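A.B. asks: predicted coordinates and the sequence they were generated for:
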Amino acid sequence: MNKKNIKASCVLLATVLLGAAGLKAQDNKDSVVNVAFGKVAKRDLLGAVSSVNVAELLKKNYGVYSLDNLQSLVGGYTGSVWGQEALILVDGIPRAASEVRLVEIETITVLKGASAVVLYGSNAAKGAVLITTKRGSVKPLSIDVRANTGVFAPKRYPGYLKGADYMTLYNEALTNDGLSTVGAGYSQGTIDSTRSGAYGYKYPDMDLFSADYLKKAFFRSDLTTEISGGNERARYYTNIGLTYNNSIMNYGEQKRNNDFAFKIRGNVDMDLNSWLTASTDVAANVSDNYAGRGNFWGASATVPPNFNRYWPLIAIDKLDPNNPALQTIVQNSNHVIDGKYLLGGQATNLTNALSDMLAAGYIKTRYRTFMFNAGANANLDAMLKGLSFKATYSMDYASIYSEAYQVAYAVYRPTWSQINGQDVITNLQKFNNDLNTTNETIGRTTYTQTMSFRSQFNYDRTFAQKHNVTASLLGWWYLTQFSSDPDNEGGSDYHPVRNTNLGFRAGYNYLHKYYVDFSGALVHSAKLPAGNRNAVSPTVTLGWRISDEAFFKDNITFVDNLKMAASYASVKQDLDITGVRPDGTPTDYYLYESYYGNSGSLAGWYPWRDGVAGGFTTLSGRGGNPDLTFVSRDEFRIGLEASLLNNLISLDANYFRQNTNGLLSRGNIIFPSWFTGSGDFRPWLNYNNDRRTGVDFSVNLNSKVGQVQYSLGVSGMVFNSKAVRRDEIQPEQYMYRAGRNLDVAWGYISEGFFKDQADIDAHADQTFGEVRPGDLKYKDVNNDGIIDYRDQVDLGRYGWGANPFTYGINLTLKWKNFTLFALGNGQTGAIGFKNNSYFWVRGNGKFSDEVWGRWTEATKNTATYPRLTTGAGNNNYQNSTFWIFKNNRFNLNRVQLTYDFDQHAFKNSIIHGLSVYVLADNLLVVSKESKMMETNIGSAPQYRFFNLGVRASF
């Protein structure tokens, strides 16, 4: 593990611990935590499980998305769990996190350890996130209403050269390439006319980030009503929500861009008799998106300010008034913009983003989701004390379809002349035709159906008030089938996503001091050959509450609770049973079978002896492997749970060592080379192995100083990953992936710029394209006199699964009726490359402000950017140390101030409670590269969000 990361985590922990000195502790009540197929008292948790009480958090922290800022609250969660993508379950059913809003949720539980997820079988083998929605309780009817309205303000836009500067530097690029600026470049007169700004109708200098196209801000509003209550026989909870937002766009049809959503949920629990209960949940989500046509954001990153030498709008008042043919064109056009303009274009630009926004039409996308689940729970104490049975069935439907309006339009290329000293358009060359249509068409169409069923026997009993025994026997099945129009999403899936498994758990603890737990699953996979389709996933966990031992309690009095747990698991999964066909098509099924073909990539042509005639023959596409089996997650974990100083400080930490064994490969180093060539006889094998290790932690401090209640939470993870074994053949020893990080960033070592031709001639040959003075020079790592892919080296870690060190912070200050809440998260240890179109300027693309530091003869000693070129620039645009940056950052994600009115103020009112709050989201990024990190290229900008909200209870 990286020493710097360990040091950083220790500093954070020490800061919290030292800050606790002399502070008064607050009570910390025990609670029940949702786990796989059940609930466990928090004090009895054994395995890498973190829970967030969302209902309580919402009183000081308002959000919309269900997993809102979870990485600031849970150690080991970074959008993934321990570096891998987790299964999301809503009320125990695989569902998208976006289908439930934060205001519907009671708790979120993150299951990290293998022993915590094993009961879910294969599809949760990389972790699980359990989202549990609110339910009714025994109480009178209560109504909670929450209203919010706020504005999104762009953080920043990228900086690009203005028209005259762009044309000047484009001429320089032509010169650098040894090309003439005559014809291909720009005359000085054109540059000067553009710079003056007096001839904008003829010499465009467009700023697509100006108020002509974008608003300064846009708004979002939402309204939520919650109705709940019930008695001993029935409890109910209903949530109704409306959300609307417009957009930042201020041009053409995209002025009308908006999103509208209506969501409703109803959860009902019933006691049918003394031993039988039932529940029914129904939710429906209706969401509509309206978007004008035109790829504005793509154009903002690619189209130069002179709009590729033409103006997208032709001023009608510049048409020759003495040319009736021009007036006829105006009269017959379907698209006279604001009564002032025709649409401009040319043979190489028949359409463009701005004209599409004005004339091409719109797309209305409809999202519809219906979710239903019903369950029953039987108390079987009459048969055996402590025994119960539970069954749940669910069925979800989700569809996406679009109603599109699209119409073709004509564009015109003007011919300019001087008449009486004035610029006048004397001719218009027409491209395309204006067409009419009154029909909307159905465009994108997708449909997803998910069904699930589970049944389980549970046993929970205490003997002699000392021996606590729990057990579960269950079966779980779910299936998700995706269907779509072949022209949009690639067509329907031949095989659905499915999970089938049996599960068993047996647990025992003595006086909540000594624990042993065995959990396991019998998993099934149709991806594997007959005979290998079933496997057992065993886990065992031991726990010891040391703080209950007499020798500990009598000598270490400042420790309230100290529990250690250790577990070992071997979870079998088929999530990574995936491969590709010779034509590059991904496939998950039948990888164990051989197959042959005589078309496409398997079309082998063999001539007869005369060398003229011949025919296609059948070739092997893949060899078979009847022994293909599951991938295994073999994990050892040690957990620590502690509370100190009368529950002033609580700590939860886990060390994990996780080996993923049996990942698929094609046997490159196992089979002889003649297995490939004319066809491919290599089978898929379980060969590659990965390892992930790390420590996650969460520290919470609850205190009170005077009238100020104070709560601070720090969570984080130190994470490492490694390719332990790889089926690979590399040309150089230092290029082998085995032994290196899974997220290794490969690239070249830059040695600066070539100074002159002599410098180029004396250096190793670089094979990426034309090389001239001012181009990047790379190190010849293997000293073979050639710079190619064999000179790439390990430059660091991308941090794809998780950064080497991640952390989150949340702070609450409460004084009288005011509550201030803030949270943020950060990361260190990873790198990235500045390799998007803003930095890698190619051909006649848009020139960013970065090119001001370009190499020239005059700046060769101070240049920060390679020479400009009108070519592809492939030599310079390689991932290398020249473009590298450290991805270290801290994000201040939210600050919210809430005022809760005194309840006695509403003594004679129907209002039982009232709160008002203001919040700001996505406030800032603290980083050396913050400007770049807060700037989006080719997409909508990042926004700060400022919100005013009110919550009332009736």
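C.D. replies: That came through fine.
A.B. asks: mind listing the helices for the stretch 701-850 of the chain?
C.D. replies: Using DSSP state H, counting those that start in this stretch, the helices found in the stretch 701-850 of the chain span residues 757-762.
A.B. asks: strands of that one, residue ranges please.
C.D. replies: Assigned by DSSP state E, counting those that start in this stretch, the strands in the stretch 701-850 of the chain fall at 708-725, 744-747, 750-753, 765-766, 776-778, 786-787, 793-797, 805-815, 818-828, 831-833.
A.B. asks: let me see the contact set for the closest residue to Asp574 other than its chain neighbours.
C.D. replies: Nearest residue to Asp574, sequence neighbours excluded (Cβ to Cβ, 6 or more residues apart in numbering): Ser525, at 4.0 Å. Every C-beta, even on glycine, is put in place using the N, C-alpha and C of the backbone. Taking Cβ atoms under 8 Å, 6 or more residues apart in numbering, we find Ser525 in contact with Ser122, Arg533, Asp574, Ile577, Phe630.
A.B. asks: could the strands of the stretch 701-850 of the chain go into TSV alongside distance to Tyr514, mean neighbour count and mean pLDDT?
C.D. replies: As requested, the strands of the stretch 701-850 of the chain are exported to TSV (distance: least, Cβ to Cβ, whole Å; neighbours: other Cβ atoms under 10 Å; pLDDT from 0 to 100):
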stretch	distance to Tyr514	mean neighbour count	mean pLDDT
strand 708-725	28	21	96
strand 744-747	43	19	97
strand 750-753	59	16	97
strand 765-766	66	18	97
strand 776-778	61	24	98
strand 786-787	63	18	97
strand 793-797	41	19	97
strand 805-815	33	21	97
strand 818-828	37	20	97
strand 831-833	46	18	97
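A.B. asks: list only buried entries from the contacts of Ser525.
C.D. replies: The neighbour count (16 or more other Cβ atoms under 10 Å) marks Ser122, Arg533, Asp574, Ile577, Phe630 as buried among the contacts of Ser525.
A.B. asks: measure the closest residue to the last one other than its chain neighbours to Val631 for me?
C.D. replies: When the adjacent residues along the chain are set aside, Phe630 lies closest to Lys572, with 3.9 Å between them (Cβ to Cβ, 6+ apart). Applying Cβ to Cβ, to the nearest Å, the value for Lys572 to Val631 is 7 Å.
A.B. asks: same check, this time on Leu354
C.D. replies: The value you get for Leu354 to Val631, if Cβ to Cβ is used, is 50 Å.
A.B. asks: also Ile143?
C.D. replies: Distance from Ile143 to Val631, by Cβ to Cβ: 50 Å.
A.B. asks: the more surrounded of these two?
C.D. replies: Taking neighbours as other Cβ atoms under 10 Å, Ile143 and Val631 compare with Val631 leading, 23 against 15.
A.B. asks: where does pLDDT dip in the stretch 501-650 of the chain?
C.D. replies: 581-584 (pLDDT under 70).
A.B. asks: ranges for the helices of it?
C.D. replies: 550-553.
A.B. asks: same check on the stretch 251-400 of the chain?
C.D. replies: Going by DSSP H, counting those that start in this stretch, the stretch 251-400 of the chain shows helices at 296-302, 324-332, 353-355.
A.B. asks: surely the residue nearest to Phe630 and Val536 touch.
C.D. replies: Yes: here Lys572 reaches Val536: they are 7.4 Å apart, a contact under Cβ atoms under 8 Å.
A.B. asks: higher neighbour count, these two?
C.D. replies: Under the criterion of other Cβ under 10 Å, the comparison of Lys572 against Val536 puts Lys572 first, with 25 against 12.
A.B. asks: contacts only, for that one.
C.D. replies: Ser122, Ala125, Val523, Ala535, Val536, Ser537, Phe630, Val631, Ser632, Arg633.
A.B. asks: do Ala299 as well
C.D. replies: For Ala299, the contacting residues are Leu208, Asn352, Ala353, Leu354, by Cβ under 8 Å, 6+ apart.
A.B. asks: now swap in Val151 and tell me
C.D. replies: Val151 touches Ala217, Phe218, Phe219, Arg220, Phe945, Phe946, counting by Cβ under 8 Å, 6+ apart.
A.B. asks: do the same with Asn835
C.D. replies: Tyr877, Asn879, Trp883.
A.B. asks: hmm, try it at 6 Å
C.D. replies: By Cβ atoms under 6 Å, 6 or more residues apart in numbering, the residues touching Asn835 are Trp883.
A.B. asks: any chance of the strands of the stretch 701-850 of the chain in JSON lines, plus distance to Phe431?
C.D. replies: Compiled in JSON lines, the strands of the stretch 701-850 of the chain are given as follows (distance: least, Cβ to Cβ, whole Å):
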{"stretch": "strand 708-725", "distance to Phe431": "54"}
{"stretch": "strand 744-747", "distance to Phe431": "44"}
{"stretch": "strand 750-753", "distance to Phe431": "43"}
{"stretch": "strand 765-766", "distance to Phe431": "42"}
{"stretch": "strand 776-778", "distance to Phe431": "41"}
{"stretch": "strand 786-787", "distance to Phe431": "45"}
{"stretch": "strand 793-797", "distance to Phe431": "48"}
{"stretch": "strand 805-815", "distance to Phe431": "53"}
{"stretch": "strand 818-828", "distance to Phe431": "50"}
{"stretch": "strand 831-833", "distance to Phe431": "40"}
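A.B. asks: mind listing the strands for the stretch 301-450 of the chain?
C.D. replies: 313-315, 341-343, 361-379, 387-406, 411-419, 422-431, 441-463.
A.B. asks: hmm, I typed the wrong one, I wanted the stretch 101-250 of the chain.
C.D. replies: Under DSSP E, counting those that start in this stretch, the stretch 101-250 of the chain gives strands at 105-111, 128-133, 139-154, 218-230, 234-245.
A.B. asks: now render those strands as TSV, adding mean pLDDT.
C.D. replies: Putting the strands of the stretch 101-250 of the chain into TSV (pLDDT from 0 to 100) gives the following:
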stretch	mean pLDDT
strand 105-111	97
strand 128-133	97
strand 139-154	97
strand 218-230	97
strand 234-245	98
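A.B. asks: quick one: which of the helices of the stretch 251-400 of the chain is nearest Asn887?
C.D. replies: Asn887 lies closest to helix 296-302 among those, at 21.4 Å (Cβ to Cβ).
A.B. asks: extract the CA atoms of the closest one and return them as PDB.
C.D. replies: Extracted in PDB, the C-alpha atoms of helix 296-302 (Å, rounded to 0.1, in the frame of the first residue of the first chain):
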ATOM      1  CA  PHE A 296     -24.800  22.800 -30.200                       C
ATOM      2  CA  TRP A 297     -22.300  21.600 -27.600                       C
ATOM      3  CA  GLY A 298     -20.400  19.500 -30.200                       C
ATOM      4  CA  ALA A 299     -20.200  22.600 -32.500                       C
ATOM      5  CA  SER A 300     -19.000  24.800 -29.600                       C
ATOM      6  CA  ALA A 301     -15.800  22.600 -29.300                       C
ATOM      7  CA  THR A 302     -15.200  22.000 -33.000                       C
END
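A.B. asks: what pLDDT, on average, does that helix get?
C.D. replies: Taken as a whole, helix 296-302 has a mean pLDDT of 96.
A.B. asks: what of stretch 55-64?
C.D. replies: Rounded mean pLDDT across stretch 55-64 is 95.
A.B. asks: what helix or strand is Ala863 located in?
C.D. replies: Assessed by DSSP states H and E, Ala863 sits outside every helix and strand.
A.B. asks: ok, it - contacts?
C.D. replies: Trp855.
A.B. asks: per-residue confidence at it?
C.D. replies: So Ala863 comes in at 97 (pLDDT).
A.B. asks: what about it, distance to Pro773?
C.D. replies: Distance from Ala863 to Pro773, by Cβ to Cβ: 11 Å.
A.B. asks: for the stretch 501-650 of the chain, which segments are assigned as strands?
C.D. replies: Under DSSP E, counting those that start in this stretch, the stretch 501-650 of the chain gives strands at 514-524, 534-545, 559-573, 579-580, 586-587, 595-597, 604-607, 614-617, 619-622, 631-644, 649-665.
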